[in-house]
Every structure is written in structure tokens, then in C-alpha cells.
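Peer 1: this one's sequence-less:
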């Protein structure tokens, strides 16, 4: 594995400083696109796995993680996100990459292919859909119906909203409810899930609702038949955020797409079934793209100590 590491900020014309980091080296690059309100927690295991002999690019959307907010706070949405990714790939010296998307990052990956197809070698779409996520969240339109009110209140009372969200997400009760209702607590460790709550609790609520609004009104459904690169779709059978049926529809509509359903997997399948996901991604890269990953270092049998130096 290459030990190359770089982290930096890219200043874009409208003032948003975009944070990115590069780990490892080797073409083509592996580009990881987060979900909404995330700063990379879903890639904890895939990043070092892919970086053994490839350049892995991780980055934060506007107002997410370490990235800044544009001077014009209305400049959120898919157009800006795709333009940002194009610029970040230039800054990270990734000419062409396999674009990975988790959750709403799937929409980003698909729209990026629509606009910048020459930069996309392949797609790995994990626990996400082609668009309009409020229409299908928990297989209900309830969130779509109440979202306009939520956004109105957040926009009108941003400071109060921020304090309320922070106080709620910082409680043990919120963590336990999420572990019980949204994910498979028997497979997902608390330490792997906690960073999501920590980031969401600190995020500007206005940025969150404006980004969600832009994503909620976006769809790449019409583009799916025109995806002309090898595509792997991974879905959790128990995913409540983006039901697995949406992944099946994507797989049917994208020419030659491969689909893996993770049994008992939820929206955090890459953390719950890390080895299964890693091996499936490796097989896809090898068989469909001719990309070979170096073998991982041997793992010690359970109970053995540190190997001799």
C-alpha cells in the first residue's frame, strides 16, 4: 500500500473552500461521494482497502465537514456539487475515476456521469437511489409532506434550530433509537456510527435543509439508460432510507449493471458487512474494469499475538 497522503482546501470562485484528502496512489483514482449530512463515516473501511494501490479521493460537499459555505448561501444543489467535484478531481490530479456514491452520493455520481462522462471509468452505487429521496424515505411520502414546514421553520429560526438539533442528537436516547430503528445494531459498532451523529449535530441546519431541498427535487431516472460505464449497485435488504426496490429498478434500467443485495444490511451496509462489500467491489473492479487490487496483508488467527519483527 502506498503511504501517500495529502489533505488540502480548494477555493472555488464563489468563496466555498472545499476540503479534500487523497490517500494512496495509482490510476484510475477511486472517488468517494458522501451522503447528505455526512463527512465520510461510511468509507471507514473501503478507503484503506482501495488505497492499497490506487489513489483514493475523499471530499466534503459545501457546508459539510471541513468544507466552507459559499458567500451566496443559495448556491447549493446538484449543479454546484458536480462542478465542485470536477474541480476537486483536477486539484487532486485524478484525471478519471471510478465514482463511488453512498446514499445521496448515488445521485451525485449519476449526475456527474451525465455532465462529465469523460471523467468516469465506472460507478459503484451503494445504498442510494436515482433521485427524489423524500418520495421514498421509509417507503412513505410523509417526510415530503412535512418538509416544507420544517424548512420554513429552520430558515426563520436558524439559531434555535441549530441548538435544538444539537441537543437532540447529542443525547444517548437519539443514538439508541437510531441503532434500534434505522440500522442493524448487531452488526454495526457504535464507534462506527457515532461520527455520523457527531457531524450532523454540528452542521448548519440551513445548509442541511437547502441541500436536502435541492436533492429532493433532483432525479437521474431519465439518464439511467444512457449510463455507458460498468456499474455495480449494492443495496441493503433492510434499508429504510432507500428501499432495496429502488436499487433493483436502477439495475434493470442501467445497461449491464450488476446488483448485490446484502442480506440484513441497512443503510450502513458498508460498515455492517465490510468484508462482503470489499470483496464484491474488488471482483467488480477486476472483472469489469480490469483493475487489480494488491492482496491485503495476512490477518493473524484469532488469539495470536504480534508477529515477530
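Peer 2: Looks like it arrived, so ask away. All values derive from a computational prediction rather than experimental measurement.
Peer 1: how about the strands in the stretch 151-300 of the chain?
Peer 2: With DSSP state E, counting those that start in this stretch, the ranges of strands along the stretch 151-300 of the chain come out as 231-236, 258-262.
Peer 1: Within its sheet, name the partner strands of the longest one and how each one runs.
Peer 2: Right, strand 231-236. strand 120-126 (parallel), strand 258-262 (parallel) (DSSP bridges).
Peer 1: who's in contact with the shortest one?
Peer 2: Among residues not part of strand 258-262, those counted as contacts by C-beta atoms under 8 Å, 6 or more residues apart in numbering are 230-237, 244, 247-248, 251, 269, 272-273, 276-277, 280, 284, 288. No exception for glycine: its C-beta is placed from N, CA and C like everyone else's.
Peer 1: go on, stretch 61-70?
Peer 2: 9, 12, 14-19, 34, 37-40, 59-60, 75-76, 80-81, 84, 199, 203-204, 207-208, 211.
Peer 1: out of these, which are buried?
Peer 2: 12, 16-19, 34, 37-40, 59-60, 75-76, 80-81, 84, 199, 203-204, 207-208, 211 (16 or more other C-beta atoms under 10 Å).
Peer 1: related to what we said a few turns ago, just the buried ones from the contacts of strand 258-262, in PyMOL syntax?
Peer 2: In PyMOL, this line selects whichever of these come out buried by 16+ other C-beta under 10 Å:
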select buried, resi 230+231+232+233+234+235+236+244+247+251+269+272+273+276+277+280+284
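Peer 1: In helices only, show me the contacts of strand 258-262.
Peer 2: 244, 247-248, 251, 269, 272, 276-277, 280, 284, 288 (DSSP state H).
Peer 1: Serialize the strands of the stretch 151-300 of the chain to a markdown table and add fields for distance to residue 169 and mean pLDDT.
Peer 2: Output for the strands of the stretch 151-300 of the chain, formatted as a markdown table (distance: least, C-beta to C-beta, whole Å; pLDDT from 0 to 100):
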| stretch | distance to residue 169 | mean pLDDT |
| --- | --- | --- |
| strand 231-236 | 22 | 98 |
| strand 258-262 | 26 | 98 |
